[in-house]
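Trainee: Below are the sequence and a predicted model for it; my questions follow.
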Amino acid sequence: MKLFLKPGACSLSPHIVLEELGVKYDAEAVDLKSKKTASGGDFLAINPKGYVPALQLDDGTVLTEGPAIVQYLADLHPGKKLAPANGTLARYQMQSWLTFIGTELHKQFSPLFNPAAPDDWKAVCRGNIERRLVWVNEQLAGKDYLLGADFSVADAYLFTVLSWTRVVKIDLSAHANLVAFMARMAARPGVKAALKAEGLA
């Protein structure tokens, strides 16, 4: 299978999951402005939505949307325990986290990367992000990861989104549990490998 990505973008989340699983895969960077892959291919022919991540399976099927991709990967290798079993409450709790990160955190960052977004809207988004960071910090009290003691694919997504705080100059230092979480994640071999592969180490 092949993961189409942009270094440092939300595609870092499934990239981390692939490394955590230790499976064989290919990765190819995408220029999101030109919609060309590193090998010169037309990315829109792979994912007409025009954004990453996209996971192309060996039979040519393409799966898009990060939360779906990471759950698919986890379920391919249930023995690695990167996601609770389907049908369990823990699985729905993980899905709740994936949804929260995607809709309440990830999308609040988008205007901060958009030069055309007005400053007053960026200020609103920064306020929204800060309130959500306070809440996530509280949820991590006494826990190593979002679901407790064990790493899950939701943690890869949270780490990816929180890594953007450095780029947009949002200070996490007031959120001790988030700071500890980021350090814990950064020490994981799978995270280190994905960051190195994307030139972000």
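Mentor: Yep, it's here. In this text, all values refer to a predicted model and were calculated from it rather than measured experimentally.
Trainee: From now on I want contacts and neighbour counts done on CA atoms only, so please keep to that.
Mentor: Fine.
Trainee: List the buried residues for stretch 184-191?
Mentor: 185-186, 190-191 (16 or more other C-alpha atoms under 10 Å).
Trainee: Ok, stretch 126-141 next?
Mentor: Under 16+ other C-alpha under 10 Å, the buried positions of stretch 126-141 are 126, 129-130, 132-133, 136-137, 139-140.
Trainee: Quick check: the gap between the residue of the chain most remote from its centre and T103.
Mentor: Computed with C-alpha atoms, centre = their mean, the residue of the chain farthest from its C-alpha average is D120, at 26.7 Å. Taking C-alpha to C-alpha, to the nearest Å as the measure, D120 falls 20 Å from T103.
Trainee: thinking again about what came up before, can I get the buried residues of stretch 184-191 in TSV with pLDDT and distance to S96?
Mentor: Below are these laid out as TSV (pLDDT from 0 to 100; distance: C-alpha to C-alpha, whole Å):
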residue	pLDDT	distance to S96
M185	98	20
A186	98	23
G190	98	23
V191	98	22
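Trainee: so where do the helices sit in the protein?
Mentor: Here the chain has its helices, by DSSP state H, at 12-21, 43-46, 66-76, 89-100, 107-109, 119-139, 153-167, 176-186, 189-197.
Trainee: In the fourth one, which of the residues would be classed as buried?
Mentor: Read it as helix 89-100. Buried, per 16+ other C-alpha under 10 Å, within helix 89-100: 91, 94-95, 97-98, 100.
Trainee: Over to the shortest one?
Mentor: Buried residues in helix 107-109, counting neighbours by 16+ other C-alpha under 10 Å, are found at 108-109.
Trainee: Repeat that for stretch 107-119.
Mentor: 108-109, 111-112.
Trainee: to the chain's geometric centre, what's the distance from that stretch?
Mentor: Relative to its chain's centre, stretch 107-119 lies at 18 Å (C-alpha atoms, centre = their mean, to the nearest Å).
Trainee: okay, it in PDB with CA atoms only?
Mentor: Extracted in PDB, the C-alpha atoms of stretch 107-119 (Å, rounded to 0.1, in the frame of the first residue of the first chain):
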ATOM      1  CA  LYS A 107     -10.300  22.600  11.500                       C
ATOM      2  CA  GLN A 108      -9.700  25.500  13.900                       C
ATOM      3  CA  PHE A 109      -6.100  25.500  12.700                       C
ATOM      4  CA  SER A 110      -6.900  25.800   9.000                       C
ATOM      5  CA  PRO A 111      -7.500  29.600   8.900                       C
ATOM      6  CA  LEU A 112      -4.200  30.100  10.700                       C
ATOM      7  CA  PHE A 113      -2.400  28.600   7.700                       C
ATOM      8  CA  ASN A 114      -4.500  30.500   5.200                       C
ATOM      9  CA  PRO A 115      -3.000  33.900   4.200                       C
ATOM     10  CA  ALA A 116      -6.400  35.000   2.900                       C
ATOM     11  CA  ALA A 117      -8.100  34.500   6.200                       C
ATOM     12  CA  PRO A 118      -8.900  37.800   7.900                       C
ATOM     13  CA  ASP A 119      -7.100  38.500  11.200                       C
END
